[in-house]
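Student: Okay, here's the prediction I keep looking at, along with the sequence it came from:
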Amino acid sequence: MEGMHWALLLAMLEVSRPSGIEFRHVHSPSARKHLPEAMGGGVALLDYNNDGLLDVFLVNSGQLGVPRTEPRFWNRLYQQNRDGSFTDVTRQAGLAGSPAAGYGMGVATADYDGDGFTDLYVTNFGANVLYRNTGKGGFVDATTKAGVAAGGWSVSAGFFDFDNDGRPDLFVTRYMDWTLATSQACGSAPKVYCPPATFPAVANVLYRNLGDGVFQDVSTRSGIAAAKGRALGVAFADADDDGHTDIFVANDGMEQFFFHNRGDGTFTERAIEAGAALSGDGQPVSGMGVDFRDYDNDGRPDVVVTTLSRQRYALFRNEGGGVFGYHSLLSNLGALSSIHSGWGVAFADFDNDGWKDLLAAQGHVMDNVQQLDPSLRSQEPPLLLFNRKGRFEESSLGPVVPGRGLAIGDIDNDGALDAVMSVLGGAPVVYRNRPGPNNWLQLKLKSLGARVTVNGQRQEAGTAGSYLSAHDGRLHFGLGTATAAEIEVRWPSGRTSSMRTDQLNRVLTIEEP
Amino acid sequence: MLATLVTVVLAAQQTLPPEVMKHVSAAADAQKAGRHDEAIREYARVTALMPDLAAGHVGLGGTYMRKGDFAGAIAPLRRALELNAELPGAHQMLGFSLLAAGYAAQAIPHLEKVKAHDALGIALFLAGQPVDSIVHLKTALDQRPNDPELLYYLGRASGMISKQSFDALQGQYPAAARTHQLNGELNATQRKIPEAEAAYREALRIRPDLPGAHLQLGELYAAAGQWVKAEAEYRAESKLRPGDAEALFRLGNAMLEQGKATEALVELKRADELSPNMPETLFALGKAEYLAGNPDAAEKYWTGLLALENQTPLAAQTQFSLSTLYRKRGQTDKAAAALAEYRRLRGGK
């Protein structure tokens, strides 16, 4: 586990400009300060054509109330070529334009129909769209058949298997009850985006995958709809090790939600009781992005929530027994984040030392925040923190942009995790990571929610988390100087697998026996 | 009340002719009915019939006051005091009228005579005498602690003194360390952070032992989330002034922000010794003990805080912290009770 701190020797993540990605996010900001204009858009890293190379899908926003027929408003799929360049395959993949007038927000990925190809679910202000991957280089709109349009203002979404039936179910966060008709700006001079409490809270949506390409809205029956919030981010993990995947929802300006999976198709929202609803001082935070992974290698998934400036990003350490402790101070995350405003966030081991580091896209939501407080910025560099056995240290990273979505994955298959950050109204930033001397292992599993432990590090299979975004589905483990890996998998079915390998620095596919 | 006063005074004049008494009564009736113009006419007839009758002029002036015409009240009230310098209430009425009409300086001797501290304090401030003004406003506030008018003028008067002092400092000693410190404060208020930082640094260059400057720099860095730098400044301040509880409290808090709970405890305990039972210090001490893994000690500090104050936002935070502590201990009933109290204090949210 103990490895070299490669980051001390070299700046690891570097901004790269891969040829072929010409995307520019269009959000059409207006003087009326419509809230959705400040919130988009997402990014996904996926291998849509199963060629072993990660491709990039970027969600565009467009213009509120205007159909997204113009090419500059389109979402884009960039297929990675063998030489590391990308080709825009949006049109031939059937993803050009948007069938509805939705203003684009985020993306979730999973093979929902079990055909071996990753599908796309795009959230919007307006109806959402499920794109089924045909496996022949294209996608078809399967929303109507699947029954997952949702409506309203959807933000982050994620696939997970809440009932352990092996089929990816879908959770969709919704921000608030906002329409163009009820939109308003706040403040006098300058006008600013209104705080979230200006608009009524709404319920999130849970769709159960019935297995024939059809989903069923079980929001009410499951208890999810009973908790109304202002949700922006969602992440999944089995917090209490009962074999059922739980849900953490980042809410803006109010208590966070922790939906405990009771294992009978219902959930109980118990963030307050679990100690994960508020800051350590009992203050509500503006939850934006969220990740739900074990950052301190104690075998229990922890939660990080990015927030607005002067709130400190919230780190809820899983202390077992269904209880979390507020660890923003002890981990030093609070001090390193107190002035920042974060969005997409991920725990990921960038230096392969066996400890998950933290990367967050940043930038204050108010584009004119400097007029109100010159010490704050609407454009910020991302926050890269290296994890030194549970305590974070800052590393510098650029560029200074209004970051939003964030997806992690090994784009060039070199064993060092890369990242793509979406930028509000701008071009995405691709970060390439150089492999250091430490060993690593990547695991490919088909089952969402499969719990994997490698040399004491725990992760759960899935692509959700962050903000508006979807990660590479492969599980990445930095191994430090270890020369072998002890692997244990607990499958959603309850079966377990274990193996040992000394063949490291490779991608290993594991299937349920 | 004014009408009654004048009527009584006039009625006491046993020698008033019936014609005059008729107008006095008519004036009093009109005033009671709120017919101010009619009352003014009647009192004018009284003063015309008996020009040396001081009470008649008081009645006329008082009626102008009731009508809200303070400028109109001044002449008859002045005439009344010329005729009888000790006439009851006339100085107060003239002082109020002069003040209301904008003649603050002229109002002062009349208000001083009757010790009307509230109006006198305001008049003194408006006449450019803020130091004396504060004395009278504070006396008036002792009697009416929540009077918005008095609070407003006390704030204005204090601000005027502050401005006069600072203007003198900047004008006469532009290169002094205190002047740079002041410039730092002014820039910090306007959130001009680089300028504020430069000014504080210059102040400390000129006078390395300048009290307060390190503390202010620490505040600047803390607001910018630069906790390492904030800690260094607070430490420098507490080294210069080891008896300053605030510097130690802020030093402890800066350490706490960085998760250095054990080190923070040392400084916070020193702050508590120097200035015992400050609620903010007790809260931070509880937090530091809790983070350092001493829940029993944390509970002691937090319950101690609640014994001092239990209805404030800090009390709400403390209840929340206690609920976390109890929940971790498995004391679910106590956790639920503390959480309920937290919610009550937060207004049910």
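Tutor: That came through fine. Numbering: from 1, shown residues only, chains lettered A, B, ... in the order given.
Student: So what touches stretch A:136-153?
Tutor: A:36, A:49, A:89, A:92-95, A:99, A:105, A:112, A:119-121, A:123, A:125-134, A:170, A:172, A:174-178, A:202, A:205, A:207, A:213-217 (CB atoms under 8 Å, 6 or more residues apart in numbering or on different chains). Placement of C-beta: from N, CA and C, glycine included.
Student: The helix or strand containing B:L256 near chain A anywhere?
Tutor: In the assignment (DSSP states H and E), B:L256 maps to helix B:245-257. Yes. Helix B:245-257 comes into contact with chain A (CB under 8 Å from any CB of the partner chain), by way of B:256-257.
Student: Just the buried residues of the contacts of stretch A:136-153.
Tutor: Buried residues within the contacts of stretch A:136-153, counting neighbours by 16 or more other CB atoms under 10 Å in any protein chain shown: A:36, A:49, A:89, A:93-95, A:105, A:112, A:119-121, A:123, A:125-133, A:170, A:172, A:174-176, A:178, A:202, A:205, A:207, A:215, A:217.
Student: among these, which are in strands?
Tutor: A:105, A:119-121, A:123, A:125, A:129-133, A:170, A:172, A:174, A:202, A:205, A:207, A:215, A:217 (DSSP state E).
Student: Now for A:G473, how many residues are close by?
Tutor: 23 (other CB atoms under 10 Å in any protein chain shown).
Student: Looking at chain B, which helix is longest?
Tutor: helix B:148-172 (DSSP state H).
Student: helix, strand or coil for A:T509?
Tutor: strand (DSSP: H, G, I helix; E, B strand; the rest coil).
Student: Isn't it up against A:K444?
Tutor: Yes. In this structure, A:T509 is within contact of A:K444 by CB atoms under 8 Å, at 4.3 Å.
Student: neighbour count winner among the two?
Tutor: Taking other CB under 10 Å, A:T509 and A:K444 do not tie; A:K444 has more neighbours (15 against 10).
Student: Dihedrals phi and psi, B:A140?
Tutor: Phi and psi for B:A140, reported as degrees, to the nearest 10, are phi -70, psi -40.
Student: Pull the contacting residues for the residue of the stretch 151-300 of chain A found nearest chain B.
Tutor: Nearest to chain B, among the residues of the stretch 151-300 of chain A, is A:G282, at 2.9 Å (CB to the nearest CB). Contact analysis of A:G282 by CB under 8 Å, 6+ apart lists B:316-317, B:319-321, B:342, B:346.
Student: State the number of residues packed around the nearest residue to A:T245 once chain neighbours are set aside.
Tutor: In space, and not counting its chain neighbours, A:T245 is closest to A:G449: 4.7 Å by CB to CB, 6 or more residues apart in numbering or on different chains. The number of residues packed around A:G449, counting by other CB under 10 Å, is 25.
Student: quick one, helices of the stretch 301-450 of chain A?
Tutor: A:333-337, A:369-372 (DSSP state H, counting those that start in this stretch).
Student: hmm, who's touching the last one?
Tutor: Among residues not part of helix A:369-372, those counted as contacts by CB under 8 Å, 6+ apart are A:190, A:192, A:366, A:376-378.
Student: From these, pick the one nearest A:G320.
Tutor: Nearest to A:G320 among the contacts of helix A:369-372 is A:L376, at 37.3 Å by CB to CB.
Student: From the ones in strands among the buried ones among the contacts of stretch A:136-153, list the ones also adjacent to chain B.
Tutor: Of those, not one also sits near chain B (CB under 8 Å from any CB).
Student: tell me the SS of B:Q319?
Tutor: Applying three-state DSSP: B:Q319 is helix.
Student: What count of nearby residues applies to it?
Tutor: Under the criterion other CB under 10 Å, the count of neighbours that B:Q319 has is 24.
Student: Could you report the separation of B:K269 from A:Y131?
Tutor: To A:Y131, B:K269 is 61 Å away according to CB to CB, to the nearest Å.
Student: make that B:V135, sorry
Tutor: Counting by CB to CB - B:V135 and A:Y131 are separated by 78 Å.
Student: where does chain A come near chain B, residue by residue?
Tutor: Counting by CB under 8 Å from any CB, chain A sits next to chain B at A:272-273, A:275, A:278, A:280-284, A:309-310, A:319, A:323, A:325-326, A:329-332, A:334-335, A:337-340, A:373-375, A:391.
Student: which among the residues you listed end up buried?
Tutor: A:272-273, A:275, A:278, A:280-282, A:284, A:309, A:319, A:323, A:325-326, A:329-332, A:334-335, A:337-340, A:375, A:391.
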